[in-house]
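**Student:** Pasted the sequence and its predicted model underneath.
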Amino acid sequence: MFKRSLNRIKEHSLQPAESASPVLLAVEGVTKHFAGVTALSDVSLEVRAGEILGLLGENGAGKSTLLKILSGVMPPSSGRIIFDGADYQPARPQDAKQHGIVTIYQELSLIPTLTVAENIFIGRAPTGPLGLVSWRKMEQDSRAIIARVGLSIDPMTPVSALSVAEQQLVEIARALSLKSRLIIMDEPTSALTETEVQRLLSIMDRLRKDKVAIMFVTHRLEEASAICDRMTVLRDGRLAGHLDRERGPIQLPRIIEKMVGRAASELYARPVQRAVAGNVVLSVRGLRTVRDPEAPHAIVLDGVDIDLKAGEILGVAGLVGSGRTELARAIFGADRIAAGTITLLGKPIAPASPADAIALGIGLVPEDRKHQAIFAALGILPNFSVASLGRFSNGFGFMAERRERDALSGFRKMLSIRMASAEQAIEGLSGGNQQKVILARWLARDPKVLIVDEPTRGVDVGAKAEVHQILVQLAARGIAVMMISSELPEVLAVSDRIVTMRRGRITGEMPGVEANEEKLMELMALDKQDARGQDARGQEALGRDGEGLAR
Amino acid sequence: MSIAEEQGQRGGATLARLLMSFGPLLFLAALVVVFTVLKPSFIDPINLFNITRQISITGLIALGMTFVILTAGIDLSVGSLLAFCGMVAAVVAKGGAANTLSLSTSGTQGYGWFAALLAAVVVGAAAGGVQGLAITRLKVPPFVVTLGGLTVFRGLTLTISNGGPISGFDASMRWFGTGLIGPVPVPAIIFAIAAILCHIVLRYTRYGRAVYAVGGNAEAARLSGLRVDRILVSVYVTVGFFAGLAAFVLSARLNSSEAVAGIGYELTVISAVVIGGTSLFGGIGSVGGTVVGAALIGVLQNGLQFNNVSSYTQSIVIGLILILAVAFDRWLKSRVRR
């Protein structure tokens, strides 16, 4: 059904943007270095007025860096940007706005406690004769502005009462009211339901007709294919190529090829397939999570079955919002479970909190290291031992610091953690070394199951390979490792078995040796029927969508 | 960056780190020197012991407050709770609120100092526990819960005392407030022992580690298997316990429990903790810092008094010092980060 709606857009927008349209924004050979790392290397692209340019690439391809440069958050190290025929060098986000370039980020920037109208007119409220805010004029003008994006809500509603999709439209409306000429959207559809995506795409189509230029950053290939006039694909910080729809819509295989078509990098050398041991350690059946009434758009698990065996690395591949993190949190007792069973070594378990899961022998290296794993202000020692305080203390509750330090220095050698001393603040370590301390935190407990969520996010390239090696070693020691990642080369490099997730479900499973990026990308990004039990699930999905529309 | 440059920077950062640990102490030493120069009798042992007696009441509460602030919490109710616990101790010591006006010092009618002490700390800890449960179960921010507590406990105090004081305790109880061991006032000894115990708990026990972890990053603490809610409740129990202990000592010292005791103490207590380097955002701080912070405020008050500076001006100076101390701390941290 989603396909059908996309086709509708394809039909009424197949007219390519006239090539006569002038180039509005030209990026020429832009390079950006961060402390020794090159995030962007010699990237060029063009956006014309009245066209939608898709900006695609895997995580870490350099999309966000480019967005930050265009929106004035950071300057490029070298290269030139030309906007509307003149040199464009924004020093701060405000400059970008004044030029008419507005970026709409995934984290929306509206103020939730203020009304829609106040948000639209923030900092420039219309005033009456006495210099006081004219609420009436503000309300009337807002109504007209939001009508342009097809919203028919009361402009005096507080933003917090709107859905994510509606908030996004308010942001777009605000951008339009600021006479924006280029709107950059960073993964705008990742938090939307399918009907909402449909609405957003048709509004983008309307804006295109109004000669607004749009840069659409997305992971969702079908959406990109449906709406984009042209695409620029980045890979590893470099330009992987431009794709043009002038001769019909851009075909998915062409995009996937450009996105992943790298020569097998030596950094991700495939380990020799190990003889996988075999007993199922953790078994999950029919796992569903509760829809949080305060976050009705969050992903919920929708009947997940998964088996994890001793001594193997199970790779879980999925895009942001596929439910992969939710799966990890549900197993770990961090989120409430609505239905389903979890069995650990043959015994059913029901962890009600992370403390319960940890006591049962499960460890989790969370996705967001800064907010969920490290204690930034504390030293390495307390960061290391926080999950094993019982093991490192005596019967009276006093820390056995000698034992604690010995254990840390053991892991320091084993994982080659580069640190000055156990007292050093963990904040001072590089991302890779921080991650190794977090891994050591769990290894100190001898877990049966270790779940690692995006284990190399924010880790530099050299340390990534080290982290992969560590995971392989842990599996070799008999730990059942579940690795969640949105970087396909990483999933392919270390997984013995791979499952893919999309919209809270498992969409495929295959041995690591049989997988390749194209296969995984299709299963992760496209609306394919679930390989197992297609009919039942398909029916269910249709039923649910029907409900959504009725609402 | 060259190695030399990096080392140079690291050297600067080390100095900043040292200053961060010892800054308040250096400032305290400087104050003592200045006051001694202004009036040499300031350094008299008698005066110094006097200061220790003065700071021991708020100092005791500040020890408990250190636990609370380490978890990024706050307790505004301690002044009122002190009055309430003091009144409870007086009722127990005197054998009933009816003895309000009796100045009998025989102590035959009451239950004795030990029962009074026990009652004060148990009531204090229980009151803290109730507030902790309100914070963790009802999800009301600590600021609001303890702001409510501030009013509730004052009201309870006035209710049981009928607005007036309960005075006249026996000598064994008064010893805890006015007695000396050698030249050292008993309240100062109680404060010192309590400070050492708190230091040991925070620095050397698994519970202490958990307190820092919860304050440093509550979500990471939960995902590391700590029972965050229990730890949060426990720190409010701790500060309540110390409010009870301080109440007992204060009543013993004044030979009276006043319904209006402890008004504004929460501010002195929080100032001592913050001047001592404990971060209001949690996870950073120490008992040593709090002791220095309490001493700093005590020395400042006493020294200004000694030089006939009015109490109005004292307030101004202490307020400014509080702001400067935190500003200095921030500045040092920005240096260390870089």
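**Tutor:** Structure received. Fair warning: this is a prediction, and the values are worked out from it, not measured in the lab.

**Student:** hey, let's count contacts and neighbours off CA atoms from now on
**Tutor:** Fine.

**Student:** Can you tell me what sits against stretch A:441-453?
**Tutor:** A:281-282, A:310, A:325, A:328, A:361-367, A:383-388, A:407, A:478-485 (CA atoms under 8 Å, 6 or more residues apart in numbering or on different chains).

**Student:** now do stretch B:141-148
**Tutor:** So stretch B:141-148 is contacted by B:73-77, B:131, B:134-135 (CA under 8 Å, 6+ apart).

**Student:** Keep only those of the contacts of stretch A:441-453 that are also close to chain B.
**Tutor:** Among those, proximity to chain B is found for A:364, A:386-387 (CA under 8 Å from any CA of the partner chain).

**Student:** who touches residue 126 in this structure?
**Tutor:** No chain specified, so I'll use chain A. A:133-135, A:137-138.

**Student:** um, chain B though
**Tutor:** B:237, B:240.

**Student:** Check which residues of the helix or strand where it lies are buried.
**Tutor:** Assigned by DSSP states H and E, B:Ala126 belongs to helix B:112-137. Within helix B:112-137, the residues that count as buried by 16 or more other CA atoms under 10 Å in any protein chain shown are B:112-113, B:116-136.

**Student:** who touches stretch A:407-414?
**Tutor:** Contacts for stretch A:407-414 (CA under 8 Å, 6+ apart): A:381, A:384, A:417-418, A:422, A:440, A:444.

**Student:** What of stretch B:258-272?
**Tutor:** With CA under 8 Å, 6+ apart as the test, stretch B:258-272 has contacts from B:58-59, B:61-62, B:65, B:75-80, B:82-84, B:86-87, B:154, B:157-158, B:161, B:163-166, B:251, B:290-294, B:296-297, B:322.

**Student:** ok, now with 6 Å
**Tutor:** B:58, B:62, B:76, B:78-79, B:83, B:157-158, B:163, B:165, B:290, B:293-294 (CA atoms under 6 Å, 6 or more residues apart in numbering or on different chains).

**Student:** can you check stretch A:419-426 too?
**Tutor:** By CA under 6 Å, 6+ apart, stretch A:419-426 touches A:378-381.

**Student:** And for stretch A:467-479?
**Tutor:** Residues contacting stretch A:467-479 (CA under 6 Å, 6+ apart): A:310-312, A:448-449.

**Student:** Please repeat the previous calculation with a cut-off of 8 Å.
**Tutor:** Defining contact as CA under 8 Å, 6+ apart, one finds that stretch A:467-479 is touched by A:277, A:310-313, A:415, A:432, A:436, A:447-450, A:455-456, A:481, A:494.

**Student:** which one is A:Phe283 nearest to, not counting chain neighbours?
**Tutor:** You called it Phe, but residue A:283 is Ser. A:Asp307 (4.5 Å; CA to CA, 6 or more residues apart in numbering or on different chains).

**Student:** ok, then the element right after the helix or strand encompassing the one you found?
**Tutor:** Per DSSP H and E: A:Asp307 is located in strand A:302-309. The helix or strand immediately downstream of strand A:302-309 is strand A:313-318, counting by DSSP H and E.

**Student:** Let me know the secondary structure of B:Thr313.
**Tutor:** helix (DSSP: H, G, I helix; E, B strand; the rest coil).

**Student:** Nearest to chain B: which residue in the stretch 51-200 of chain A?
**Tutor:** Nearest to chain B, among the residues of the stretch 51-200 of chain A, is A:Ser77, at 17.5 Å (CA to the nearest CA).

**Student:** hey, what's the nearest residue to that residue once chain neighbours are set aside bridged with?
**Tutor:** Spatial nearest neighbour of A:Ser77, excluding adjacent residues (CA to CA, 6+ apart): A:Lys32 at 4.7 Å. When bridges are taken as DSSP bridges, the partners of A:Lys32 come out as A:Leu40.

**Student:** So which residues on chain B come close to chain A?
**Tutor:** B:204-207, B:209-210, B:213, B:216-217, B:219-227, B:283-284.

**Student:** what about 10 Å?
**Tutor:** Within reach of chain A by CA under 10 Å from any CA of the partner chain, chain B has these residues: B:1, B:200-201, B:203-210, B:212-228, B:282-284, B:336-338.

**Student:** I'd like to know which of these are buried.
**Tutor:** B:201, B:203-210, B:212-228, B:282-284, B:336.

**Student:** Out of those, name the ones that lie in helices.
**Tutor:** Among those, the members falling in helices are B:201, B:203-204, B:206-210, B:212-216, B:218-223, B:228, B:336 (criterion: DSSP state H).

**Student:** picking that back up, output the contacts of stretch B:141-148 in JSON lines, with distance to B:Ala194 and pLDDT appended to each entry.
**Tutor:** Converted to JSON lines, the contacts of stretch B:141-148 look like this (distance: CA to CA, whole Å; pLDDT from 0 to 100):
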{"residue": "B:Gly73", "distance to B:Ala194": "21", "pLDDT": "96"}
{"residue": "B:Ile74", "distance to B:Ala194": "20", "pLDDT": "97"}
{"residue": "B:Asp75", "distance to B:Ala194": "19", "pLDDT": "97"}
{"residue": "B:Leu76", "distance to B:Ala194": "21", "pLDDT": "97"}
{"residue": "B:Ser77", "distance to B:Ala194": "21", "pLDDT": "97"}
{"residue": "B:Gln131", "distance to B:Ala194": "23", "pLDDT": "97"}
{"residue": "B:Ala134", "distance to B:Ala194": "27", "pLDDT": "97"}
{"residue": "B:Ile135", "distance to B:Ala194": "26", "pLDDT": "97"}
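
**Student:** Pull the number of nearby residues for residue 73.
**Tutor:** Here I'm looking at chain A. Neighbour count for A:Val73, taken as other CA atoms under 10 Å in any protein chain shown: 17.

**Student:** oops, I was thinking of chain B
**Tutor:** 21.

**Student:** My read is that it contacts B:Gly64, right?
**Tutor:** No: using CA atoms under 10 Å, B:Gly73 is not in contact with B:Gly64; the gap is 11.7 Å.

**Student:** where does residue 200 land on pLDDT?
**Tutor:** I'll assume chain A. At A:Leu200, the pLDDT value in this model is 86.

**Student:** Let me rephrase: I mean chain B.
**Tutor:** pLDDT, B:Ile200: 97.

**Student:** need the contact list for B:Phe153.
**Tutor:** B:77-85, B:127, B:146, B:159 (CA atoms under 10 Å, 6 or more residues apart in numbering or on different chains).

**Student:** Identify the farthest-apart pair in these.
**Tutor:** B:Thr146 and B:Thr159 (19.2 Å; CA to CA).

**Student:** Pick out whichever of these two has more residues nearby.
**Tutor:** Higher neighbour count among B:Thr146 and B:Thr159: B:Thr146, with 24 against 13, using other CA under 10 Å.
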